[in-house]
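Q: whatever this is, show me its structure:
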Amino acid sequence: MSKIVIVVPSYNCEAYVAATLQSLLAQGPALAEVDRVIITDDCSKDRTIQVARETWRGSTPMEVYDSPVNRGEYRNMNECIARLPAHIEWYLVMHADNLAKPGWLEALLERIAAADGKVGTICTSWDNLEENGMIIKGENRQPPTPERIVGNAASVAGTIRKGCWWHISSCATRVKTYREIGGLPPGFRLKGDWDFLMRLLGAGWDVEYLPRALMTYRMNPTGSSNISFRRHRDVYETISIMQRHHLAMTAAAVAAYHTGHLGTLGRRLVGGVLRGHFERAWATVPASFYVIWSLFKCLHEQWLGRRSFRWVSSSDPMMESQLQLLSTRMGRFYSEPATRDAYQAMVDAEASAQPITEGALRKAVLDAQPQTALEVGCGSGRIYKRLLSAGFGGVYTGLEMSPKVIADNQRRLPGAVWICGSGYDLCLPAETQDCVFSYYVLEHCAFPERFLNNLLRVVKPGGRLLLTFPDMKASHIFGSQALGWDDHTAREHVQSGRIFHALVRLLDSRFRLPCALQRAGNTVGPFPVNLTPQCLEPGIKITPDVDAIYAASRDEVRTWAEAKGCTVHFPGGTEGILRVNVLIEIVKPVGPN
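A: Below is the predicted model of the structure:
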């Protein structure tokens, strides 16, 4: 069974799709090595799908993913890759208005077969077919020796300077890579390929480049690229993506980059006036202000370095791809032995115990008298063992991300059900648990709202969802946020005579961080998450909440629950230690909300 598919994204390509598919059919015997060809159509209003079906006559099956609504090119691709069968490991892309040149498929299949586990994507050069029929030749290096671009910060910085040398059309990409880094970024129309490439390199995946023009890119006058250039959207998107990746560059390079785009807008202003395109000329003014604002923002973050608060709303669809990459990296942190062993030792240590909070949680679970109980983030099963000792007699299910931890639990505690997985993809049927609880898990989620929704889904009507988490807003502590110029405390700096460093650390911990946490809901948005947690820094010491990436607050979770029609209680009260270490009981309504 082949592990490779060809994906053909389409939208209103009735005039072009036949030629595109014919160019695929002309690939010869290599086409037989492909599992299937998938037309992923973004709700075309013309006869694109009909023409595609009429054209395809190959022995390789063609399948159509037909959307009832227009989602945009990047969401269209993301949903397509999410739907691929489990056995598919690589996909090749050829947009429905482009043309595969002879040897395109054979060359990519050959490189896929030779690729090691570090190669995330394989791309080629391409020709541009202009509206007037002129072809601008791409690269055809002799000999066409493949080039390897190593995934690291230097490659990210080089890609910012050069621009996007990777094109999603004509490339082959590993499905695992695409999903791991969050796919293409929703909200962009022109520069999503560029952002995707930089996230891929930044995540440590390598790129292989074939210096051969194996695809013809059609300059479609009705395409998003042409329309967006007229509105300077290319500049807006370029600068927006620069803000995501600028820390890979020096401050001088960041300043030069922004200055170059101001020059581009200046030339467009003059050109627009001379040609009588006054609307286009006037549009350069707000674009220029945006570039200037971005310059100061980036330089400020460059100066702050690790002290910068790179927080985003996890409910913002524009941040989805970055959050998915963060979620993947956090998953590795919790599941790979190198970090999991140190983390589990810290969690199970006596110094990390929270006897009052844990005792209140166990009492709330027992008071509910559940016949079925699910713990999400069960760790080594400590709470389960204490529930048994206190008389719990229901069916307990423990869910944890680490395969090693789950295997150990199955061996030591065979009386329970143990599942390896995460709160984002609970495999349990809806409304099957009398009680679902998690103990200091919510704050570690890149998608906290999605986590809450999934947990509530499996709670029976009238059942209980019990959560413990730190209220960052009340405690003024956000353990994953780096403070000061390094990881030394103010006391350690004073003892070493570094008074300035001690003052900076105190400024961050006593003023900047508390103020930022108080304002996070307004300045960042709902469910704020730290994109650069300390736990992902090389060589960081594993300490409590160094991995707590969601700036959790009692008020936000209560508001979420009440919006779902749930009743909210605080079984242990809200005073003392339970003022900052929240225990919240959410009772799911019976019947329609």
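Q: host element of H300?
A: Using DSSP states H and E, H300 sits in helix 284-304.
Q: hey, which helix is longest across the protein?
A: helix 251-275 (DSSP state H).
Q: helices and strands around that helix, which ones?
A: helix 153-162, helix 233-245, helix 278-282, helix 284-304 (3 or more C-beta pairs under 8 Å, 6 or more residues apart in numbering; DSSP states H and E). (Glycine included, C-beta is placed from N, CA and C.)
Q: residues contacting stretch 504-524, please?
A: If you take C-beta atoms under 8 Å, 6 or more residues apart in numbering as the criterion, stretch 504-524 is touched by 307, 309, 311-313, 472-473, 476-478, 481, 483-485, 488-490, 493, 528, 551, 553, 556.
Q: still on that earlier bit, so which of the helices and strands packed on helix 251-275 gets nearest C123?
A: helix 153-162 (12.2 Å; C-beta to C-beta).
Q: quick check: mean pLDDT of stretch 1-20?
A: Mean pLDDT, stretch 1-20: 94.
Q: now do stretch 216-227
A: 62.
Q: could you do stretch 346-360 as well?
A: 80.
Q: for stretch 480-492, same thing?
A: pLDDT averaged over stretch 480-492 gives 90.
Q: least confident of the helices and strands packed on helix 251-275, on average?
A: Averaging pLDDT over each of the helices and strands packed on helix 251-275 puts helix 278-282 lowest, since it has a mean of 89.
Q: show me what counts as buried in that helix.
A: Using 16 or more other C-beta atoms under 10 Å as the test for burial, helix 278-282 gives R280, A281.
Q: and for it, what's in contact with it?
A: Here helix 278-282 has contacts from R230, R231, H232, R268, L269, V270, G271, G272, V273, using C-beta under 8 Å, 6+ apart.
Q: including distance to H87 and pLDDT, could those go into JSON lines?
A: Below are the contacts of helix 278-282 laid out as JSON lines (distance: C-beta to C-beta, whole Å; pLDDT from 0 to 100):
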{"residue": "R230", "distance to H87": "44", "pLDDT": "63"}
{"residue": "R231", "distance to H87": "43", "pLDDT": "77"}
{"residue": "H232", "distance to H87": "44", "pLDDT": "87"}
{"residue": "R268", "distance to H87": "49", "pLDDT": "93"}
{"residue": "L269", "distance to H87": "54", "pLDDT": "93"}
{"residue": "V270", "distance to H87": "56", "pLDDT": "94"}
{"residue": "G271", "distance to H87": "52", "pLDDT": "92"}
{"residue": "G272", "distance to H87": "53", "pLDDT": "90"}
{"residue": "V273", "distance to H87": "58", "pLDDT": "93"}
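Q: those: which two are farthest apart?
A: Longest span within those, C-beta to C-beta: R231 and V270, 17.6 Å.
Q: which strand or helix spans the most centrally placed residue in the chain?
A: Closest residue to the average C-alpha location of the chain: Q324 at 2.0 Å, with C-alpha atoms, centre = their mean. Per DSSP H and E, Q324 falls inside helix 320-335.
Q: I'd say R579 and F570 touch.
A: No: in this structure R579 lies outside contact range of F570 using C-beta atoms under 8 Å: 10.0 Å.
Q: quick one on the thing from earlier: from the contacts of helix 278-282, list just the buried residues.
A: Looking at the contacts of helix 278-282 with 16+ other C-beta under 10 Å, the buried ones turn out to be H232, R268, L269, G272.
Q: do you know the pLDDT at the closest residue to V557 other than its chain neighbours?
A: In space, and not counting its chain neighbours, V557 is closest to I584: 6.0 Å by C-beta to C-beta, 6 or more residues apart in numbering. Here, the pLDDT recorded for I584 equals 97.
Q: on that earlier part again, you'd agree the residue nearest to the centre of the chain is up against Y178?
A: No: using C-beta under 8 Å, Q324 is not in contact with Y178, being 10.3 Å away.
Q: list the buried residues of the longest helix of the chain.
A: V254, Y257, H258, H261, T264, L265, R268, L269, G272.
Q: let's have those in JSON lines, adding distance to R141.
A: Shown next, in JSON lines, are those (distance: C-beta to C-beta, whole Å):
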{"residue": "V254", "distance to R141": "32"}
{"residue": "Y257", "distance to R141": "28"}
{"residue": "H258", "distance to R141": "33"}
{"residue": "H261", "distance to R141": "30"}
{"residue": "T264", "distance to R141": "29"}
{"residue": "L265", "distance to R141": "34"}
{"residue": "R268", "distance to R141": "33"}
{"residue": "L269", "distance to R141": "38"}
{"residue": "G272", "distance to R141": "38"}
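Q: K191: which of those residues is nearest?
A: Looking across the buried residues of helix 251-275 and measuring by C-beta to C-beta, the closest to K191 is H261, at 12.5 Å.
Q: contacts for stretch 309-329 next, please.
A: By C-beta under 8 Å, 6+ apart, stretch 309-329 touches 179-187, 195-196, 199, 203, 244, 301, 424, 445-450, 481, 512, 516, 520, 524-533, 536, 549-551.
Q: just the ones of the residues you listed in helices?
A: Going by DSSP H, the helices hold R179, E180, D195, F196, R199, R244, E301, P448, E449, R450, A516, A520 from these.
Q: restricted to buried residues, select the contacts of stretch 504-524 in PyMOL.
A: A single PyMOL command selects the buried members of the contacts of stretch 504-524 (16+ other C-beta under 10 Å):
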select buried, resi 307+309+311+312+313+472+473+476+477+478+481+483+484+485+488+490+493+528+551+553+556
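Q: which of the contacts of stretch 504-524 fall in helices?
A: Short answer: those in helices (DSSP H) are M472, K473, A490, H493, E556.
Q: what sits against the last one?
A: To tie it back to what came earlier, the one meant is E556. Taking C-beta under 8 Å, 6+ apart, one finds G521, P526, F527 in contact with E556.
Q: show me which of the residues you listed are buried.
A: Buried among those by 16+ other C-beta under 10 Å: G521, F527.
Q: reformat the contacts of E556 as TSV; add distance to D41.
A: TSV is the format used below for the contacts of E556 (distance: C-beta to C-beta, whole Å):
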residue	distance to D41
G521	39
P526	33
F527	33
